[in-house]
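Undergrad: curious how this folds, go ahead:
(2 chains)
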2 protein chains.
Amino acid sequence: MNSILLRYAKYGTPSSTIEVARQALNSKLSANQILLKFLAAPINPSDYNQIEGKYPIKPELPAVGGNEGSATVLEVGSNIKSVSPGDTVIPAYAGFGTWRSHCVTDEGSVKKIPDNLSAAASAMLAVNPCTAYRMIEDFQKPPKGGWIIQNGANSGVGRAVIQLSKAQGIRTVNIIRDKEGAEKVKAELLSVGGDAVFTSSQRGEIEEFCRENTPRLALNMVGGRDTVQLLKCLGEQSSLVTYGAMSNSPMSVPFGLQVFKDITLHSYWMTRWTNKHARTESEDEMFGKLAEYFQTGEMVPTPHRENSFYDYSDALDNAFKLKQLFVVDKTLGDSRYQN
Amino acid sequence: MNSILLRYAKYGTPSSTIEVARQALNSKLSANQILLKFLAAPINPSDYNQIEGKYPIKPELPAVGGNEGSATVLEVGSNIKSVSPGDTVIPAYAGFGTWRSHCVTDEGSVKKIPDNLSAAASAMLAVNPCTAYRMIEDFQKPPKGGWIIQNGANSGVGRAVIQLSKAQGIRTVNIIRDKEGAEKVKAELLSVGGDAVFTSSQRGEIEEFCRENTPRLALNMVGGRDTVQLLKCLGEQSSLVTYGAMSNSPMSVPFGLQVFKDITLHSYWMTRWTNKHARTESEDEMFGKLAEYFQTGEMVPTPHRENSFYDYSDALDNAFKLKQLFVVDKTLGDSRYQN
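TA: Below is the predicted model of the structure:
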C-alpha cells in the first residue's frame, strides 16, 4: 500500500521546498499499530513558519508538512483498545505531519474525537476552535451579556471566538484591518454573530463604543502598536491575551494604560496546552462541546478552499489570503494521482 | 497654634510652584478629632508628578504637597478609640498632604504603625518597603534560594527588594544604569545584600548569569526596551511585574519571548493596594514584618538627605538624584522659622 504525502527536506520558502512524495506502507499491522486514512488537513500559519525554519518546534528532516488534520481509523492491531475501525482521530501532539493520505502509527500518537463532524470541521478542530475556546474559558471569562474585544477578528480564531461567544450569550467587539473589501468582511462577521465590527482606523468610534460596552477580556493576534487600542478599550482589572503577532512588531504597552487600570497581560499558545492536557477529561469536554456547536450550526468551519495535494504550490502561496485545506479524497481522485 | 506647610495653588514645576505657608489650627479639639505632629515626609516621584498635574490623583487646589510621611499623635478628642497620644501614625490613603508640621484630622484618615521605627524609617515605610514587600509576596514568590531579577535596583524600591529578599533567603540579580559612579553603586548594592549586580549594558553577562540562576519573577521599574532584557532572563512560566516607567517609553514585549516562555505581565500600584486593604489584617501583618526587619537592621532606610521645609526648592530640584526627606524638627529649629 502506498501513502501519498507532502514532504520537505530543507527549510525554505514552502512553495519551492515542498514536494509530492510517495511512501510504501507495510500492509501487515503489528499488534500495537493502527492504520489511518486521513480526511483533510489545513495549512496553518505555524505550518508555514515551520517549513521556513522559523518555528520553535523543528521536526527532523526530511519531514511531512502539517500539524493539524483528521483521519479515519481503517485497521487496528490486536493489542489496540482505545480506538476502533471507523473512529475519527486527530494527532495527539504537534509535529505529526498531517499532509498525507495514509499512515501506520501507534495509538498513543492520536486521540479520538466525536464522529459527527464534517471532514473540514474535524480537520480544523484542534487549532482555531480550541484556541478560541481556551482563551474564552481560561483567563477572564465574561459573564452572559459581557463583552470581549478582539483584533484579527476575520482570522480563523477570530471567527471561532465570535461564534463561540454568541453561542454562550457573550458579546464581541471585533476589529479588522482597513483594506479593500472591509465593508464586505464587516457584514459577514456581523452575519456570523459579531455584535460590533470596526476597522482598526476607527479609533474614536471603537473607544466610544467601549465606554458604553466595556470589555474586560481582549484577544490580541496583531501585537505591536495595535495593542494600545485594545488596552484603551478595556475596563479596570481586565486581561489581555496575546496569541499572535501579525504586525511583526513587539507589543507596545504604555505604562499608565496598564498600571492604572490594572490590566494583566497573558499569552496563549495552543501547543503548550495540548502538550499538557492531551487525552485528559478537560480535553474531551472541550471537543465534546465544540462538536455540539458544529452539530447545531452555531459553529461553522472557517471559510476555506479545498485542494488536492498536487495543487500544493498554489495552496501554499495563498495560505495567508484564504484558509487552504488539503482533502485526501480530492487528491486520490486527482487525474495526476496514480497508485 | 500654627502649622507650617508646603503648599501649591496651581500645577507646574514643583520648585517654582511650591511655597512655604502658615496655617492657624484650632487648639480645642472636637470629640472626633485628633492632633498630629508630623515627624518626617519624603519627596516621592509621584508627589513630584502630582504637583506637575501629571498624576491620576489630582487634589483640590490649593493643596499641601506629599502623600507619604509619619506623625505622632499629640492629643485625641473624647470619642477617639483607635489611637492614643504618643502613637505613631501614617496617612490611611494617598492625597493627605504630608509636608506639614501639624494638623487636626479625624481618626479615619490615619492608621497606627509600630512605634519602634526611626523617623526616617516610619516616614518612608508606606511606599517603597511596602511596594517591595507586596511585589515579592503577591505574584510569584520565589522559594528560598530562588532568584528575583530587577532593574532600577538602586531606587528606594530596588534597595528594599534586595534587603527583603535577603532577609527571606531569596536571591537577587540587580540591574543598574550605566553612568558615572556605577562601580560604587554596584559595591554598595552588594554590601546591602544583592547577590549579583550588573549595569544594563552588560547584556551577555546578565543572560549568561541567568541561564545558571534562572529567575521566575522580574520587577520592572524602567519599562521601554529595557523590559526585553528582563524577559530574556526569565525562565518558563514566569511573572514580570511593572511598577514604573523611568524610560518614559511604552514597554516593548516581543511576541516569541512572552508566548513561548509563557510569561505573564502584571503591574503593581501601591495606591490601589492601599485603597483596598487600608487597616486590614494583611496590612497590619505587612507593617509588623517590615518593622521587625528595620529593628533587626535587615532593612535600613533608603539613603536620603534631611531637609528643613525652608530648603524645599533645593530639595525638589534634587529629588530624582537622591531621596529627599523633609524633617519637621529640623524645620522648627530652622533660623528662618518663627512661630
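Undergrad: now do the same for residue A:178: helix, strand or coil?
TA: Classification of residue A:178 using DSSP: H, G, I helix; E, B strand; the rest coil returns coil.
Undergrad: report pLDDT for it.
TA: If you check residue A:178, the pLDDT there is 94.
Undergrad: can you check residue A:234 too?
TA: 98.
Undergrad: one more: residue A:267?
TA: 97.
Undergrad: one more: residue A:339?
TA: For residue A:339, the predicted pLDDT is 68.
Undergrad: go on, residue A:285?
TA: 96.
Undergrad: so stretch A:228-246, near chain B or not?
TA: Yes: legend: contact between stretch A:228-246 and chain B by C-beta under 8 Å from any C-beta of the partner chain is shown at A:228, A:242, A:243, A:244, A:245. All C-beta atoms are positioned from the backbone trio N, CA, C, and that covers glycine.
Undergrad: quick one: residues contacting the closest residue to chain B within the stretch 51-200 of chain A.
TA: The nearest approach of the stretch 51-200 of chain A to chain B comes at residue A:56, 5.4 Å away (C-beta to the nearest C-beta). Contact analysis of residue A:56 by C-beta atoms under 8 Å, 6 or more residues apart in numbering or on different chains lists B:256, B:260.
Undergrad: state the helix or strand in which residue A:252 lies.
TA: In this assignment (DSSP states H and E), residue A:252 forms part of strand A:251-253.
Undergrad: who does that strand pair up with?
TA: strand B:251-253 (antiparallel) (DSSP bridges).
Undergrad: end to end, how far does stretch A:167-182 reach?
TA: 25 Å (C-alpha to C-alpha, to the nearest Å).
Undergrad: mind listing what's buried in it?
TA: Buried residues in stretch A:167-182, counting neighbours by 16 or more other C-beta atoms under 10 Å in any protein chain shown, are found at A:170, A:171, A:172, A:173, A:174, A:175, A:176, A:177, A:182.
Undergrad: could you do stretch A:280-297 as well?
TA: Using 16+ other C-beta under 10 Å as the test for burial, stretch A:280-297 gives A:283, A:286, A:287, A:289, A:290, A:291, A:293, A:294.
Undergrad: and the fifth one, how far from chain B?
TA: Taking C-beta to the nearest C-beta, to the nearest Å as the criterion, residue A:290 is separated from chain B by 23 Å.
Undergrad: looking at this, the residue of the stretch 51-200 of chain A closest to chain B is in a strand?
TA: No: Residue A:56: not assigned to a strand; according to three-state DSSP it is coil.
Undergrad: how near is it to residue B:255?
TA: 12 Å (C-beta to C-beta, to the nearest Å).
Undergrad: hang on, the earlier thing: neighbouring contacts of the strand holding residue A:252?
TA: A:220, A:223-225, A:227-228, A:231, A:242, A:245, A:265, B:242, B:250-255, B:258, B:265.
Undergrad: just those residues: which are in strands?
TA: A:220, A:242, A:265, B:242, B:251, B:252, B:253, B:265 (DSSP state E).
Undergrad: what is the neighbour count of the second one?
TA: The local packing of residue A:242 (other C-beta atoms under 10 Å in any protein chain shown) involves 25 other residues.
Undergrad: wait, doesn't residue A:154 sit right on residue A:189?
TA: Yes: Residue A:154 is within contact range of residue A:189, at 6.5 Å (criterion: C-beta atoms under 8 Å).
Undergrad: okay, and the common contacts of those two?
TA: Counting by C-beta under 8 Å, 6+ apart, the residues touching both residue A:154 and residue A:189 are residue A:176.
Undergrad: quick one: contacts for residue A:54?
TA: Contacts of residue A:54 (C-beta under 8 Å, 6+ apart): none.
Undergrad: where does it land on pLDDT?
TA: Listed pLDDT for residue A:54 reads 88.
Undergrad: I'd say residue A:257 and residue A:229 touch.
TA: No: counting by C-beta under 8 Å, residue A:257 does not reach residue A:229; the two are 10.4 Å apart.
Undergrad: please enumerate the shared neighbours of those two.
TA: In contact with both residue A:257 and residue A:229: no residue, using C-beta under 8 Å, 6+ apart.
Undergrad: which one of those two has more residues nearby?
TA: The residue with more neighbours, out of residue A:257 and residue A:229, is residue A:229; 21 against 18, by other C-beta under 10 Å.
Undergrad: against residue A:83, how distant is the more buried one?
TA: Residue A:229 is 46 Å from residue A:83, by C-beta to C-beta.
Undergrad: how about the residues of stretch A:228-246 next to chain B in CSV, adding pLDDT?
TA: Formatted as CSV, the residues of stretch A:228-246 next to chain B follow (pLDDT from 0 to 100):
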residue, pLDDT
A:228, 97
A:242, 98
A:243, 97
A:244, 94
A:245, 93
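Undergrad: out of those residues, which comes closest to chain B?
TA: Checking those against chain B by C-beta to the nearest C-beta gives residue A:245 as the nearest, at 3.4 Å.
Undergrad: for the closest one, which non-adjacent residue is closest in space?
TA: residue B:255 (3.4 Å; C-beta to C-beta, 6 or more residues apart in numbering or on different chains).
Undergrad: give me the neighbour count for residue A:236.
TA: Residue A:236: 11 surrounding residues under other C-beta under 10 Å.
Undergrad: now do the same contact list for it.
TA: Counting by C-beta under 8 Å, 6+ apart, residue A:236 has contacts A:261, A:262.
Undergrad: dihedrals phi and psi, it?
TA: In terms of degrees, to the nearest 10, the main-chain angles of residue A:236 are phi -70, psi 150.
Undergrad: list the contacts of residue A:126.
TA: A:68, A:90, A:91, A:270, A:274.
Undergrad: tell me the SS of it?
TA: coil.
Undergrad: can you give me the distance of it to residue A:38?
TA: 13 Å.
Undergrad: ditto for residue A:188
TA: Residue A:188 is 30 Å from residue A:38, by C-beta to C-beta.
Undergrad: which of these two has more neighbours?
TA: Relative neighbour count places residue A:38 above the other of residue A:188 and residue A:38, with 26 against 16, counting by other C-beta under 10 Å.
Undergrad: can I assume the more buried one is in contact with residue A:71?
TA: Yes: in terms of C-beta under 8 Å, residue A:38 counts as a neighbour of residue A:71; the distance is 4.5 Å.
Undergrad: write the PyMOL selection for whichever of the contacts of strand A:251-253 are buried.
TA: Buried subset of the contacts of strand A:251-253, written as a PyMOL selection, criterion 16+ other C-beta under 10 Å:
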select buried, (chain A and resi 220+223+224+227+228+231+242+245+265) or (chain B and resi 242+250+251+252+253+254+255+258+265)
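Undergrad: where exactly do the helices run in chain A?
TA: A:14-17, A:45-52, A:119-123, A:128-138, A:156-167, A:182-191, A:203-212, A:226-233, A:255-259, A:270-277, A:281-296, A:312-317, A:328-332 (DSSP state H).
Undergrad: let me see the mean pLDDT of the strand holding residue A:252.
TA: 97.
Undergrad: ok, now stretch A:306-323?
TA: pLDDT averaged over stretch A:306-323 gives 95.
Undergrad: thinking again about what came up before, pull the most distant pair out of the ones in strands among the contacts of strand A:251-253.
TA: The distance between the two most remote of the ones in strands among the contacts of strand A:251-253 (C-beta to C-beta) is 17.1 Å, for A:220 and B:242.
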